[in-house]
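Visitor: generate a structure from the sequence data that follows.
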Amino acid sequence: MKSRSECKRDYKNSTPPMGVFVVRNTRNNRFQVHASRNLKGAMNRLKFEITPSTDPNVDLLRDWKTMGPEAFEIMVLDELKPKDVPGWDPSDDLKELEAMWRARLIDEGATPY
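Guide: Purely as a prediction, here's the structure:
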């Protein structure tokens, strides 16, 4: 069994999952795609922003208020695996992955917010 200090060290040395997630309105098929270096943290932050009506996207907020949170799903679309390259910055890869998913969802008939 690991000691508490070993668990803390392992946590600090771990890399949170990064990738792309979507907020999708299941009633009108509108969506908003986000890329993040920390998927879980970004999804939690978004839930907090939308709930008290602080998200800057006016259309998304209007739908959230009129249709309610049960009309929305927030889910991970894709995870980006870290590259084992010194000094690697995932920003460009995340932007590309986000653009790819946005185009794919539009091709499937969804409308972006």
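
Visitor: lowest average confidence, helix or strand, in the chain?
Guide: helix 4-13 (a mean of 76; mean pLDDT, DSSP states H and E).

Visitor: list the buried residues in that helix.
Guide: For helix 4-13, burial by neighbour count (16 or more other Cβ atoms under 10 Å) applies to no residue. C-beta here means a position set from N, CA and C on the backbone, and glycine is covered the same way.

Visitor: secondary structure class for the most centrally placed residue in the chain?
Guide: Central residue of the chain (Cα atoms, centre = their mean): Phe21, 3.3 Å from the mean position. Under the three-state scheme (DSSP: H, G, I helix; E, B strand; the rest coil), Phe21 adopts strand.

Visitor: isn't it right next to His34, touching?
Guide: Yes. Counting by Cβ atoms under 8 Å, Phe21 does reach His34; the two are 5.6 Å apart.

Visitor: now do the shared contacts for these two.
Guide: Ala42 (Cβ atoms under 8 Å, 6 or more residues apart in numbering).

Visitor: where's Trp64, which helix or strand?
Guide: helix 58-67 (DSSP states H and E).

Visitor: pull out the buried residues from the helix or strand that comes right after that helix.
Guide: Downstream of helix 58-67, the first helix or strand assigned by DSSP H and E is strand 72-80. By neighbour count on 16+ other Cβ under 10 Å, the buried set for strand 72-80 is 72, 74, 77-78, 80.

Visitor: give me the sheet partners of strand 72-80 and which way each runs.
Guide: strand 18-25 (antiparallel) (DSSP bridges).
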